[in-house]
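Enquirer: Got a sequence here, can you model it:
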Amino acid sequence: MHTAVYTTDQYGIISELYSYVAFLVIVLMYGMETAYFRLSTQEGFDKKNVFSTTIISLFSSTTLFILFATIFAQPIADWLLYPDNKEFVIWFAIIVGLDALSAIPLAKLRKDNKPLIFALVNLANILINIGLNLFFLAYCLPKYNAGETNWLIDTFYNPELGVSYVFISNLIASIVKFLLLTPFIFKINLNFSKSVWKKMVRYGAPLLLAGLAGIVNETIDRIMLKRMLFDDLGEKTTMSLIGIYSACYKISIIMSLFIQAFRYAAEPFFFKQAGTKEAKGIYANILLWFVLICLLIFLGVNFYIDLIKYFVDEAFWVGLGVVPILLMAYVFLGTYYNLSVWFKLTNRTEYGALLSVGGALITIVLNYILIPRYNYYGSAIATLICYMCMTVASYLLGNKFYKIPYNLKKIFAYSLLTLLLYWFSELIHFSETIFQIIYRTGLILCFVIVVYLFEIRKMKST
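Expert: Here you go, the predicted model:
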């Protein structure tokens, strides 16, 4: 909807600002979510005390952050090159602040195996966000442009706000989500344990560094595109490139959604399995099936891109070439998340930080080298190489400290099969879209049949 309503350069503004938000969320969480999971599942720690200490710590730091952002909104807006929109700074400070405060109650719901409540709260947040976007952009905007005003439009809509309605919708949705979670925050006695807090900070500090470095890998490309191309290409062209790249990046969100859903469930599950004899075998089996599903998503998105591309406006299709690169980058990123279990279970989170920092350095250097030559294609290639290097490094280190019998032969074989099927799909082109889709559907069925014969049937027989 945003790509249909806004021009490529306006969509670039939205994408760039949300890149900064990703950094801020990591800073405001400072590793406390994973620290909460770790301490609340260890013997010797009172679960209620750990939860209470985490909430008080985050509430204090978030309040200070929002006050700071509000006081220095104008200088921050000037630095971001949005001198006339200091309200953006204040709105986003509240958004990320409330999201940080909401993270721990949501984590507790995950830990307590309450997926229904977890899903309902998040769905309410999503539906309100989407509903307000529809109201402002799909109802008010077209009617205003057609001269059909009414009291709703006159009261709630101002055309001069433009892209601001995307941020206002997010702000309201974040407020509602936090309010829905307040019963879970205040239904226990709030006590602060200094000793528990110190242990959490000690455990979470390397994860903060790792998180920041991880966000560099995911979002710094949008920021660098603006900073490196702004002077040469001008504001409109630069923001258009960022908008096109970001819209095509969103097409790979199907893979991202699967990985995020997996992480929600996997992190508490991994910790619970840690003390069992079967843990390592379970972790190895999970990775194999995780990669299989990722490869299937890779094929599905690429093979049906002629249909999926309609999720964004035609003006953005010029950047569709980055989709296969970004999808494969996500396969490596998801694999890395699986492999990262070793440093979390062995309390060697500093290695996670080093891996992420190393990846961030690779991302920054490659973007610096490739952006002037290939603009956003350079950013996509940098993302792929970064995640590939992080995955290999994590596997090698994990073999040293917490060896898990991953079935690399099968993973490599299925990956090779996927690349061959993708190559075949690009080798033969039909003039009619329907024939192209039928042909590519046949290729996907080949992948599914192979997995069935070598994995599912074998599983049934045992």
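
Enquirer: alpha carbons only for contacts and neighbour counts from here, please
Expert: Will do.

Enquirer: Correct me if wrong: Asn302 contacts Val322.
Expert: No. Using Cα atoms under 8 Å, Asn302 makes no contact with Val322, being 10.8 Å away.

Enquirer: where does the protein have low pLDDT?
Expert: 41, 43-44, 458-462 (pLDDT under 70).

Enquirer: Longest helix in it, please.
Expert: helix 194-233 (DSSP state H).

Enquirer: helix or strand right after it?
Expert: On the C-terminal side of helix 194-233, the closest following helix or strand by DSSP states H and E is helix 235-251.

Enquirer: C-alpha coordinates for the helix or strand following that next one, CSV please?
Expert: Later in the chain than helix 235-251, the nearest helix or strand by DSSP H and E is helix 253-273. C-alpha atoms of helix 253-273 as CSV (Å, rounded to 0.1, in the frame of the first residue of the first chain):
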residue,chain,number,x,y,z
ILE,A,253,10.0,-10.8,4.0
ILE,A,254,8.3,-14.2,3.6
MET,A,255,11.6,-15.7,4.5
SER,A,256,12.2,-13.2,7.2
LEU,A,257,8.7,-13.9,8.7
PHE,A,258,9.5,-17.6,8.9
ILE,A,259,12.9,-17.0,10.5
GLN,A,260,11.3,-14.6,13.1
ALA,A,261,8.6,-17.0,13.9
PHE,A,262,11.1,-19.8,14.3
ARG,A,263,13.3,-17.6,16.6
TYR,A,264,10.3,-16.8,18.9
ALA,A,265,9.7,-20.5,19.5
ALA,A,266,13.3,-21.8,19.2
GLU,A,267,15.1,-19.7,21.8
PRO,A,268,13.1,-20.8,24.9
PHE,A,269,13.0,-24.4,23.4
PHE,A,270,16.8,-24.5,23.0
PHE,A,271,17.3,-23.5,26.6
LYS,A,272,14.8,-26.0,27.9
GLN,A,273,16.5,-28.9,26.0
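
Enquirer: between helix 253-273 and helix 235-251, what angle do the directions make?
Expert: On the basis of axes from the mean of the first three to the mean of the last three Cα atoms, to 10 degrees, helix 253-273 is oriented at 50 degrees to helix 235-251.

Enquirer: chain center to helix 253-273: distance?
Expert: Relative to its chain's centre, helix 253-273 lies at 12 Å (Cα atoms, centre = their mean, to the nearest Å).

Enquirer: Now do the buried residues in it.
Expert: Buried residues in helix 253-273, counted by 16 or more other Cα atoms under 10 Å: Ile253, Ile254, Met255, Ser256, Ile259, Ala266, Glu267, Pro268, Phe270, Phe271, Lys272.

Enquirer: out of those residues, who's nearest Ser246?
Expert: Nearest to Ser246 among those, counting by Cα to Cα, is Ile253 at 10.7 Å.

Enquirer: ok, so what distance separates that closest one from Ile444?
Expert: Distance from Ile253 to Ile444, counting by Cα to Cα, to the nearest Å: 20 Å.

Enquirer: Same check on Ile293?
Expert: Taken as Cα to Cα, the span from Ile293 to Ile444 is 12 Å.

Enquirer: Which one's more surrounded, those two?
Expert: Neighbour count, other Cα atoms under 10 Å: between Ile293 and Ile444, Ile444 has more, with 20 against 15.

Enquirer: tell me the secondary structure for the more buried one?
Expert: Under DSSP: H, G, I helix; E, B strand; the rest coil, Ile444 falls in the helix class.

Enquirer: if I read this right, it contacts Gly300, doesn't it?
Expert: Yes. The criterion here is Cα under 8 Å, and Ile444 meets it with Gly300 at 7.3 Å.

Enquirer: related to what we said a few turns ago, now do the buried residues in the longest helix of the chain.
Expert: 196-197, 200-201, 203-226, 228-229.

Enquirer: Stretch 62-82 now?
Expert: Thr62, Phe65, Ile66, Ala69, Thr70, Ala73, Gln74, Ile76, Ala77, Leu80, Tyr82.

Enquirer: Show me what the helix or strand where the first one lies packs onto, helices and strands only.
Expert: Secondary structure assignment for Thr62, by DSSP H and E: helix 47-71. Using 3 or more Cα pairs under 8 Å, 6 or more residues apart in numbering; DSSP states H and E as the contact test, the elements touching helix 47-71 are helix 8-29, helix 32-40, helix 86-111, helix 194-233.
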